[in-house]
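# got a predicted structure here, sequence first:
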Amino acid sequence: MNSAISVDTEHQARWIRAFHPAPTATLRLICFPHAGGSAVYYRPLARALSLPIEVRAVQYPGRQDRMREPFIDNISELAEQVARALPPDGVPTMFFGHSMGATVAFEVARRWERLGHSPIRLFVSGRRAPSLRADYQIPLATDDDVLTEIRSLAGTDDRLLAEDDLLRMIIPAVRNDYRAVETYLAEPEAVVSCPTVAMRGTQDPRVSGKDIEKWRGHTSGAFALHSFGGGHFYLEQRWDQVAALVERHVSFGACAA
């Protein structure tokens, strides 16, 4: 099926943000944020790409300019809403998700494929395979619990954590998103057909090499695995390397070594 699907422009405007217009782009990269994260997290990746790739990022409700909207605490419902905002339109499109975003990207890719379309590449970063249940329980009952988790992953500047107004925005989003991922588990036979590229930081306390390698069983297409020095948020020190990896996979097709 190659026909484009009609777009609900109002719904799309609420969910999708664009960075650095690329009028000559022939490819699109859709980015899915981590738990507690927002679309702006991917601005450095948009800057780092040298190929003419149009970068868009998903903005989940309950944060930044969607602060007044209720959170969604269910991955399936979140994926349904994102898929509605991102109908296939014939432009070759890649998905890139980090942490919780990898799970959401996987589920949106599955929904595209049910419509007879597929992203040309799925990049999943810093997240165990979707059919793996976590072997740890993260306490979330108190704000101190959430702060401990945020600090353990080193994904938020400590100066921001000292600002009460910012904390009031960050903590509810993190708590909601963690609950969403804790209640999600894909069946072992859940697969996409698109080539899949899995990535992790070698010092990630939450995602082991074994966890990330098991993404191989969730695609019937080509698979590649890449490791970078760093922790859960290794991306923040390696945007240029990540951009080069994306471009290499685009240039060489299938899954580049």
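Good, I have the coordinates.
# remind me which helix or strand residue 150 belongs to.
helix 143-153 (DSSP states H and E).
# can you map out the strands along the chain?
16-19, 27-32, 53-58, 93-98, 121-125, 196-201, 223-228 (DSSP state E).
# list of residues touching the shortest one?
By CB atoms under 8 Å, 6 or more residues apart in numbering, the list of residues contacting strand 16-19 from outside reads 39-40, 42-43, 46-47, 54-59, 85-86. The way it works is simple: take the backbone N, C-alpha and C, and place the C-beta from them, glycine included.
# just the buried members of those residues?
With burial judged by 16 or more other CB atoms under 10 Å, the buried subset of the contacts of strand 16-19 is 39, 42, 43, 46, 54, 55, 56, 57, 58, 59, 85, 86.
# what is the nearest of those to residue 242?
Distances from residue 242 to these, taken as CB to CB, are shortest for residue 42 (10.3 Å).
# report pLDDT for the closest one.
Looking at residue 42, its pLDDT stands at 97.
# check the one 5 residues further on too.
Looking at residue 47, its pLDDT is 94.
# I'd like the numbering to begin with 18 instead of 1 from here.
That works, and once the first residue is 18, the last one we named lands at residue 64.
# now residue 37: how far from residue 114?
Residue 37 is 20 Å from residue 114, where distance means CB to CB, to the nearest Å.
# looking at the two, which has the bigger crowd around it?
Between residue 37 and residue 114, counted using other CB atoms under 10 Å, the more crowded position is residue 114 (26 against 12).
# now do the contacts for that one.
48, 49, 120, 121, 122, 123, 140, 141, 142, 144.
# contacts for stretch 216-236?
123, 139-149, 169-170, 203, 205, 207-213, 215, 240, 242-251, 259, 262.
# pull out the buried positions in it.
Buried positions in stretch 216-236, judged by neighbour count with 16+ other CB under 10 Å: 216, 217, 218, 221, 223, 224, 228, 229, 231, 232, 235, 236.
# give me the pLDDT value at the closest residue to residue 70 other than its chain neighbours.
Once flanking residues are discounted, residue 70 sits nearest to residue 44: 4.8 Å by CB to CB, 6 or more residues apart in numbering. Looking at residue 44, its pLDDT is 94.
# number of nearby residues for residue 44?
Quick note: residue 44 (other CB under 10 Å) scores 20 neighbours.
# surely it and residue 73 touch.
No. Using CB atoms under 8 Å as the test, residue 44 is too far from residue 73 to be in contact (11.5 Å).
# contacting residues for the spatially closest residue to residue 83 that is not a sequence neighbour?
With sequence-adjacent residues excluded and distances taken as CB to CB, 6+ apart, residue 83 is closest to residue 76, at 5.9 Å. Going by CB under 8 Å, 6+ apart, residue 76 touches 31, 32, 33, 34, 55, 56, 82, 83.
# pick out the most distant pair among the residues you listed.
Based on CB to CB, the longest span within the contacts of residue 76 runs between 31 and 55 and measures 13.4 Å.
# looking only at neighbour counts, state which of the two leads.
residue 55 (21 against 15).
# okay, now the nearest residue to residue 155 once chain neighbours are set aside: neighbour count?
Excluding its sequence neighbours, the residue lying closest to residue 155 (CB to CB, 6+ apart) is residue 166, at 5.6 Å. Residues lying near residue 166 (other CB under 10 Å) number 19.
# so who does residue 166 touch?
155, 156, 157, 191, 195.
# filter the residues you listed down to just the buried residues.
Buried members of these, scored by 16+ other CB under 10 Å, are 155, 157, 191, 195.
# for the residue nearest to residue 83, grab phi and psi.
phi -110, psi 110 (degrees, to the nearest 10).
# many thanks, I have nothing further to ask.
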